[in-house]
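**Q** Just to be clear, the model below is a prediction. Sequence and coordinates:
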Amino acid sequence: MTTTASVFTEASTSRFARIKEGGLDLQLHYNDVGQGAETVVMLHGSGPGASGWANFHRNIEPLVTAGYRVILLDCPGWSKSDPVVSEGSRSNLNASALKGLLDVLDLDRVHIIGNSMGAHSTVAFALENPERIGKLILMGGGTGGPSAFVPQPTEGIKLIGALYREPTIENLKKMMNVFVFDASSLTEELFQTRLDNLLARRDHLENFVKSSTLNPKQFPDFSHRLHEISAETLLVWGREDRFVPMDTGLRLLAGLPKAQLHVFNRCGHWAQWEHADTFNRMVLDFLTH
Ligand SMILES: O=C(O)/C=C/C(=O)/C=C/C=C(\O)C(=O)O
């Protein structure tokens with residue numbers, strides 16, 4: 001664990017753990033920041049080059065300063081975690097990986113913030129391990145059923161697929177320009193960092209394509225089981241989300257007994273990045289009340 005809220009970097013908080021859980025035997029990478037009686041786990045999305053740090057670097061410090069320990073898990077098949085081919089439910093695979101990590105870290109109960117695939121995986125984890133969860137924050141995901149208005153796959157999901165198959169700077173820019181409402185907020189430095197991340201692990205790219213071929217439905221629909229989740233849940237969506245449409249958040253709101261929904265205007269699929277300050281305040285308020 002790091003001790004000082006304001007002085008931490010990806011490198012200084014980088015850790016590895018070996019997990020054996022539910023048929024998985026993997027080395028996982030995670031970042032471990034801050035200390036406190038309560039822990040918040042952050043689970044990233046499924047884009048090429050994503051990681052806990054890449055998705056949530058704007059959201060760590062306020063939680064650490066408020067006295068939470070923050071764990072950013074790199075899911076199997078992303079960043080510095082071991083490669084994996086997923087033939088079944090990737091949501092459940094990630095949930096098993098998280099359970100394995102919590103066991104290694106001796107953490108009984110955690111709050112979870114999930115972004116997109118991370119939100120799908122959070123729902124899978126909550127269904128399998130209800131006694132291990134505190135509060136849930138699901139952002140742009142959760143698999144509560146298809147959109148009533150937008151044909152699937154959405155334009156964003158198609159662009160993710162194209163980037164996995166052909167990892168070029170042109171395809172990366174096409175995908176990232178759709179991530180956010182205001183593409184002028186994306187810098188060349190951000191594009192380059194993300195390109196470096198994804199090209200560093202071509203095995204992950206190839207495995208994702210292989211997995212999608214073996215099973216195109218990596219994230220099963222949990223809508224029929226949402227009523228089983230009794231945790232307080234904050235749903236966060238961007239009104240202009242072009243990856244996982246905003247009305248799928250309404251389905252989750254209808255299905256999760258203790259859910260509330262906040263929709264950001266002028267916001268795409270990366271609410272935690274585009275509206276970081278407001279998002280951070282909302283999360284802290286939700287966790288403490
Ligand atoms: O296919 C899905 O439902 C999930 C898609 C994602 O998880 C996309 C996430 C993209 C990111 O947040 C990223 O940083 O790559």
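**A** Received the coordinates, thanks.

**Q** Helices of the chain, residue ranges please.
**A** For the chain, applying DSSP state H gives helices covering 10-13, 52-56, 60-65, 90-105, 117-128, 155-165, 169-179, 188-199, 202-214, 247-255, 271-274, 276-288.

**Q** So what's the residue count around whatever residue of the chain ends up closest to the ligand?
**A** Residue of the chain nearest the ligand, by CB to the nearest ligand atom: Gly47 (1.9 Å). Using the backbone N, CA and C atoms, a C-beta is placed for each residue, glycine as well. Residues contacting Gly47 under the criterion other CB atoms under 10 Å number 28.

**Q** residue contacts, it?
**A** Contacts for Gly47 (CB atoms under 8 Å, 6 or more residues apart in numbering) come out as 160, 163, 175, 179.

**Q** Trp273 touches Phe181, doesn't it?
**A** No - the pair Trp273 / Phe181 is not scored as a contact, 11.0 Å apart, by CB atoms under 8 Å.

**Q** one step back: possible to save the contacts of Gly47 as JSON lines with distance to the ligand?
**A** Below are these laid out as JSON lines (distance: CB to the nearest ligand atom, whole Å):
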{"residue": "Ile160", "distance to the ligand": "6"}
{"residue": "Leu163", "distance to the ligand": "9"}
{"residue": "Met175", "distance to the ligand": "8"}
{"residue": "Phe179", "distance to the ligand": "7"}
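
**Q** So which of those residues sits lowest on pLDDT?
**A** Within the set of the contacts of Gly47, pLDDT is lowest for Phe179 (94).

**Q** Count the residues that sit near that one.
**A** Phe179 is flanked by 23 other residues according to other CB under 10 Å.

**Q** got the contact list for it?
**A** Phe179 is in contact with 47, 156, 243, 268-270, counting by CB under 8 Å, 6+ apart.

**Q** If we use 7 Å, what do you get?
**A** Listed by CB atoms under 7 Å, 6 or more residues apart in numbering, the contact partners of Phe179 are 268-270.

**Q** what residues does this structure put near the ligand?
**A** Contact residues (CB under 6 Å from any ligand atom) of the chain with the ligand: 45-47, 50, 55, 115-117, 141, 157, 219, 243-244.

**Q** Narrow these to those in strands?
**A** Mapping these onto strands (DSSP state E) picks out Asn115.

**Q** wait, which of the residues of the chain next to the ligand is closest to Ile169?
**A** Nearest to Ile169 among the residues of the chain next to the ligand: Gly47, at 14.6 Å, using CB to CB.

**Q** tell me the pLDDT at the closest one?
**A** 97.

**Q** before we move on, what about the one 5 residues further on?
**A** Reported pLDDT at Gly52 in the predicted model: 98.

**Q** buried set for the longest strand along the chain?
**A** Looking across the chain with DSSP E, the single longest strand is strand 24-33. Using 16 or more other CB atoms under 10 Å as the burial criterion, the residues of strand 24-33 that qualify are 24, 26, 28-33.

**Q** average model confidence for stretch 61-73?
**A** Averaging pLDDT along stretch 61-73 gives 98.

**Q** contact partners of that stretch?
**A** Here stretch 61-73 makes contact (CB under 7 Å, 6+ apart) with 1, 5, 28, 30-36, 38-43, 52-53, 56, 60, 98, 101, 280, 284.
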